[in-house]
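Enquirer: heads up, no residue letters with this:
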Ligand code: PLP
């Protein structure tokens, strides 16, 4: 497998990361994960734009065309037709100090790829979720390398026998630890508005478009945990998890406790588009 670090494509086991890369001790950078289906990068432009935007939010300047080229080369060199491609950009390499490096220090790009299959079982059978307090910072719209809260909360979900932790601030649902959350009630699709409390998922945006094309009304407005638990259908979305039904929240059944009709309709439309 070929990976990329700081200007070089190398065999995976030949990559060594500089310990003065600010990604190492500050998590000072941003990242993207894209899905490759049949050798095509899905929603490529949207992911590139979000990476540039995330970087801009933390005052890192990146060249979109350079990133595009690295990603295309990663895809072509690895020849994995169905894969997840990871790319991160850190602020650069300089001795540890909180202050930004001197001018002239260049951002550092790291990229690797893994073969992945579509999560067929989870998409058919659904997954369990638990709710947790969203104690993350207030800039969740940035796809930052800092994922300590997300990893702690995802592990708590697993320890409780669930797949995802659905987060809330004072009872208002924001998103999952690595997914956006949707609830369907009386035929209307609800999800948190795209603001600083959630990552504006590329899959989230895609699903909203699909819903509109299927004449499913969409309401981008925050809802409560109580509303979520009383929904007819709930699902989570992400680049790798696509549209995955949630069949229980805190061990309380959602609807009939199986994947719902509108969820299946959206999954079908998603599948047709990849
Ligand atoms: N929300 C968070 C916190 C995430 O980390 C992710 C993806 O990793 C998502 C939502 C889903 O985003 P996307 O659909 O772009 O993969």
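Expert: Perfect, thanks for sending it. Note that the structure is predicted; figures quoted are calculated from it, not measured.
Enquirer: so how far is the ligand from the residue lying closest to residue 147 once chain neighbours are set aside?
Expert: Nearest residue to residue 147, sequence neighbours excluded (C-beta to C-beta, 6 or more residues apart in numbering): residue 27, at 7.5 Å. No exception for glycine: its C-beta is placed from N, CA and C like everyone else's. Residue 27 sits 14 Å away from the ligand, going by C-beta to the nearest ligand atom, to the nearest Å.
Enquirer: from the middle of its chain, how far away would stretch 128-136 be?
Expert: Chain-centre distance of stretch 128-136: 16 Å, with C-alpha atoms, centre = their mean, to the nearest Å.
Enquirer: Buried residues of it, list them for me.
Expert: Across stretch 128-136, burial judged by 16 or more other C-beta atoms under 10 Å covers 128, 129, 130, 131, 132, 134, 136.
Enquirer: Name the residues that touch it?
Expert: Contacts with stretch 128-136, where a contact means C-beta atoms under 8 Å, 6 or more residues apart in numbering, come from 149-150, 153, 156-157, 160-169, 173-174, 176, 197, 225, 228, 234, 236, 246-251.
Enquirer: give me phi/psi at the spatially closest residue to residue 176 that is not a sequence neighbour?
Expert: In this structure, residue 176 finds its nearest non-sequential neighbour in residue 164, 4.6 Å apart by C-beta to C-beta, 6+ apart. Main-chain dihedrals, residue 164, degrees, to the nearest 10: phi -140, psi 150.
Enquirer: Quick check: beta-bridge partners of residue 164?
Expert: residue 129 (DSSP bridges).
Enquirer: Look up how far residue 122 lies from it.
Expert: Residue 164 sits 10 Å away from residue 122, going by C-beta to C-beta, to the nearest Å.
Enquirer: more crowded one of the two?
Expert: Higher neighbour count among residue 164 and residue 122: residue 164, with 26 against 15, using other C-beta atoms under 10 Å.
Enquirer: wait, the more buried one sits on residue 248?
Expert: No. Between residue 164 and residue 248 there is no contact under C-beta atoms under 8 Å: 11.2 Å.
Enquirer: For the residue nearest to residue 176, which residues are in contact?
Expert: Applying C-beta under 8 Å, 6+ apart, we find residue 164 in contact with 127, 129, 130, 154, 157, 176, 177, 178, 179, 236, 246.
Enquirer: run the last query once more with 10 Å
Expert: 127-130, 132, 153-154, 157-158, 175-179, 181, 236, 238, 241, 244, 246, 249 (C-beta atoms under 10 Å, 6 or more residues apart in numbering).
Enquirer: Next: residue 183.
Expert: Neighbour list for residue 183: 166, 173, 189-191, 219, 223-224, 227-235, 246, 249, 254 [criterion: C-beta under 10 Å, 6+ apart].
Enquirer: Could you count how many residues lie near the nearest residue in space to residue 37 that is not next to it in sequence?
Expert: Of all residues beyond its chain neighbours, the one nearest residue 37 is residue 274 (4.7 Å), with distances taken as C-beta to C-beta, 6+ apart. By other C-beta under 10 Å, 13 other residues sit near residue 274.
Enquirer: What residues does this protein have near the ligand?
Expert: Residues of the chain lying near the ligand by C-beta under 6 Å from any ligand atom: 175, 178, 179, 180, 199, 201, 202, 203, 204, 237, 238, 239.
Enquirer: at 8 Å what do you get?
Expert: Residues of the chain lying close to the ligand (C-beta under 8 Å from any ligand atom) are 32-33, 47, 50, 140, 143, 147, 150, 175-180, 198-206, 237-240.
Enquirer: Can I get the buried part of the contacts of residue 164 as one ChimeraX selection?
Expert: Buried residues among these (16+ other C-beta under 10 Å), as a ChimeraX selection:
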select :127,128,129,130,132,153,154,157,175,176,177,178,179,181,236,238,241,244,246,249
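Enquirer: Report how many residues lie close to the residue nearest to residue 147.
Expert: For residue 27, using other C-beta under 10 Å, the count is 16.
Enquirer: From the buried residues of stretch 128-136, pick the one nearest the ligand.
Expert: Of all the buried residues of stretch 128-136, the ligand sits closest to residue 136, with 8.4 Å by C-beta to the nearest ligand atom.
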